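>>> Here you go, sequence then predicted model.
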Amino acid sequence: MNQLRHRILIIEDEQAIVRFLRATLTGADYETIEATSGKEGLLKAAAQPPELIILDLGLPDMDGKQVLQELREWYSGPIMILSARDQEAEKVAALDLGADDYLTKPFGVAELQARLRTAFRHAASTRVETSSLDVGDLSIDLAARVVHLSDVELHLTPLEYKLMVLMMKNAGKVLTHRYLLREIWGPDCSYENHYLRVFVANLRKKIGDNSTSPRYILTEPGIGYRFAAD
């Protein structure tokens, strides 16, 4: 039972998907608001701000990426893209515009609910000022700038530490190559993916992540990385 009754806005024009989402979300004790066009979605988001938005890219009146861009001018809550478009370029574009996650149709109930739980946990953690970050056996003392794996202190370079903090602060969220490169190395390096691959490989070694089946730093092929939320 979801005691907080999170309000979710569904911006989707395919009625079969809307009915499925409504039944799934209300059954999990979420409150839903629905819009079948981009303009209606923008109006409802402004009139009754939700705690999360599920946004389809293929809307009848405007492209979902335009809706996303307009929402991000003022809305800071999680936005999950729901789309039949499965091309990497579409996913990267949406994530770079500020989407928190991207779920490709068709999808299962269990995956949707897991993604929602992760999105709400991440949103809650970003609202709380904290002096430490903890995911699994990993912890970062932000004041002391010290990283531990269980009780063992890890020795990271300054850039490795910066990358680790950025990923753990966004645990559960897909971070594109371009976003990570821009945040760590600056705008001039936003296309130098080989820098990122090297640093991610080094971090995985230091935190004991198996590169073929990692526990913490998960690869989103062609898009970027997701730091496991649990």
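That came in fine, so what should we check first? Numbers count the residues shown, from 1 in each chain.
>>> pretty sure residue 229 belongs to a strand, no?
No: in this structure, residue 229 is coil, not part of a strand, as judged by DSSP: H, G, I helix; E, B strand; the rest coil.
>>> For it, give me its contacts.
By C-beta atoms under 8 Å, 6 or more residues apart in numbering, residue 229 lies in contact with 118, 121-122, 135, 171-172. Just so you know, the C-beta spots here come from the backbone N, C-alpha and C atoms, and that holds for glycine as well.
>>> how does it look with 6 Å?
Contacts for residue 229 (C-beta atoms under 6 Å, 6 or more residues apart in numbering) come out as 118, 171-172.
>>> ok, and the closest non-adjacent residue to it?
Spatial nearest neighbour of residue 229, chain neighbours left out: residue 172 (3.4 Å); criterion: C-beta to C-beta, 6 or more residues apart in numbering.
>>> And the one you found, how close does it get to residue 124?
Counting by C-beta to C-beta, to the nearest Å, the gap from residue 172 to residue 124 is 11 Å.
>>> Kindly report the same for residue 210.
29 Å.
>>> Same question for residue 88.
Noted for residue 88: a distance of 30 Å to residue 124, by C-beta to C-beta.
>>> and the gap between residue 35 and residue 14?
When C-beta to C-beta is the yardstick, residue 35 and residue 14 sit 13 Å from each other.
>>> out of those two, which sits in the busier spot?
Neighbour count, other C-beta atoms under 10 Å: between residue 35 and residue 14, residue 35 has more, with 23 against 16.
>>> ok, that one touching residue 11?
Yes: counting by C-beta atoms under 6 Å, residue 35 touches residue 11, with 4.8 Å between them.
>>> Regarding the residue nearest to residue 229, which helix or strand does it belong to?
Using DSSP states H and E, residue 172 sits in no helix or strand.
>>> Now do the same contact list for residue 119.
Applying C-beta under 6 Å, 6+ apart, we find residue 119 in contact with 52, 78, 100.
>>> which sections of this structure are below the confidence cut-off?
Along the chain, segments meeting pLDDT under 70 span 1-4, 125-130, 189-191, 230.
>>> ranges for the helices of it?
Along the chain, the stretches classed as helices by DSSP state H are 15-27, 38-47, 64-71, 88-96, 109-127, 158-169, 177-185, 193-206.
>>> got CSV for the ones you listed, with distance to residue 224 too?
Shown next, in CSV, are the helices of the chain (distance: least, C-beta to C-beta, whole Å):
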stretch, distance to residue 224
helix 15-27, 26
helix 38-47, 26
helix 64-71, 17
helix 88-96, 7
helix 109-127, 16
helix 158-169, 10
helix 177-185, 5
helix 193-206, 8
